[in-house]
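Peer 1: Got a sequence here, can you build the structure:
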Amino acid sequence: MIRPAKAILSQEETELIVYSLLWFFALDVKIHNEIAQDLGRPLTTTKYAYFRGYDYMSYFQKPRSMWGIPVNYFFVEFQFHIEFYASLLVNKGVMCKIGFNDISFVSTTYSALFSRRTKLERSHGFWLAPVLGNNYLAGKFKQYMYKICGFNAIGKYGTGTATQISDRVLLTARHVILDIPNFKIFDNDNVEVQYEMDKTLYRDIEFPDVKEKNMDVALIFLSEAKRKDNYPYFGSAHLLEPVITLGYPSLFGMHEHPLFVQSGEVSAIGKLNTGGVDGFFISSISRPGNSGGPVVSINGYIIGITVLAAPSTEDADYQGNETKPQDEAEKILSFYAGVSSLEVIQLIRNLDSTIPIDFEDFSE
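Peer 2: Okay, the predicted model is just below:
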């Protein structure tokens, strides 16, 4: 039976195609000989012989698996996507096209060189974001996102954002849980989850350190573990680094609060005017409800969380304090501030050293 081409791939299908291409065309003699033996080709000991796209298609016509996941491609269904991602990998410099006269994937010879990956990159798929783009990165992060919502002391409805960083722990901004005392939490599928109010938040802790006391960071402990295969890790912000923000702003005209994703870049790195906390400023627009949400580098790690809007100089004094009402100033704001991941990690470790936290230092 002839199967029609598939229009949209799932996240898992996209990753399987990309990883299978990189694995098949890798400049590795051992992998090459395993494939060559299966295809009935001569083995090599010294001189490397490259494969063509036709070899790839022939190899994966048989039932295969990668990392225990079945790779049963119907090539009429997936061939367009395979050719697209092969071209994308070439354009991004991850694969190399050998011989530029060939115009089709099937007839072209390729090679791929896995650049050295850190331990965290090897255990996550986030490193593919610079190749596959922001949509891929946002798709990877959706599973970790939670919406916080409820009414404040004067009956005004508000929302905030939290990120799952371990089996039972959500990371958010402290002002979110202070502004909405009796909040509810929903996952990205809009399913309500329960949390431990008596253990959670650290909202009443009096930190001896002034900087920690002003740190706009809080933790929420879930009543039941929501286990994932892995969790986001953290890294440092770099000037002009492309980023995405994720959050659940409450906007007029929306029946519900979907996950909003916006792109931008790190515009500045410096101290925030809240106790000298290390932070950064981003160009992507954040709205009430984005608070507590992650700011994610295009390289796949969290560089911090969104905490506040940053007034322009005409709306602030020389110390950075607002001189206009917040609602008036926010109408002309173009930058938004976040607490750096280094500060976030240090506070988490001070609050509960048993929470596993990974930081990308590129040392492995």
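Peer 1: For the nearest residue to residue 56 once chain neighbours are set aside, give me the pLDDT.
Peer 2: Residue nearest to residue 56 in three dimensions, not counting chain neighbours: residue 24, with 5.1 Å by CB to CB, 6 or more residues apart in numbering. For every residue, glycine as well, the C-beta is placed using N, CA and C. What the model reports for residue 24 is a pLDDT of 90.
Peer 1: Residue 24 - how many residues pack around it?
Peer 2: When neighbours are defined as other CB atoms under 10 Å, residue 24 has 18 of them.
Peer 1: pretty sure residue 281 is touching residue 271, no?
Peer 2: No: counting by CB atoms under 8 Å, residue 281 stays clear of residue 271, with 11.1 Å between them.
Peer 1: tell me which residues form a beta bridge with residue 335?
Peer 2: residue 310 (DSSP bridges).
Peer 1: What's the local residue count around it?
Peer 2: 18.
Peer 1: what about the protein, any weak spots by pLDDT?
Peer 2: 1-7, 46-48, 67, 72-76, 100-102, 114-115, 198-214, 252-255, 274-275, 310-334 (pLDDT under 70).
Peer 1: one step back: quick one, what contacts the residue nearest to residue 56?
Peer 2: If you count contacts by CB atoms under 8 Å, 6 or more residues apart in numbering, residue 24 has them with 31, 35, 51, 55, 56, 59, 112.
Peer 1: Ramachandran coordinates for the third one?
Peer 2: Put plainly, it is residue 51. phi -100, psi 160 (degrees, to the nearest 10).
Peer 1: likewise the second one?
Peer 2: Here the main-chain torsion angles of residue 35 (degrees, to the nearest 10) amount to phi -70, psi -40.
Peer 1: The nearest residue to it once chain neighbours are set aside and residue 34, how far apart?
Peer 2: Once flanking residues are discounted, residue 35 sits nearest to residue 59: 6.1 Å by CB to CB, 6+ apart. Remark: distance between residue 59 and residue 34 (CB to CB, to the nearest Å) = 10 Å.
Peer 1: Please say which of these two ends up with more neighbours.
Peer 2: Remark: of residue 59 and residue 34, residue 59 carries more neighbours, 16 against 12, as counted by other CB under 10 Å.
Peer 1: Kindly provide the distance from the more buried one to residue 227.
Peer 2: For residue 59, the distance to residue 227 - CB to CB - is 34 Å.
Peer 1: now do residue 302
Peer 2: Distance, residue 302 to residue 227, using CB to CB: 19 Å.
Peer 1: higher neighbour count, those two?
Peer 2: Shown here are residue 302 and residue 227; by other CB under 10 Å, residue 302 has more neighbours (28 against 10).
Peer 1: Check the gap between that one and residue 339 for me.
Peer 2: 11 Å.
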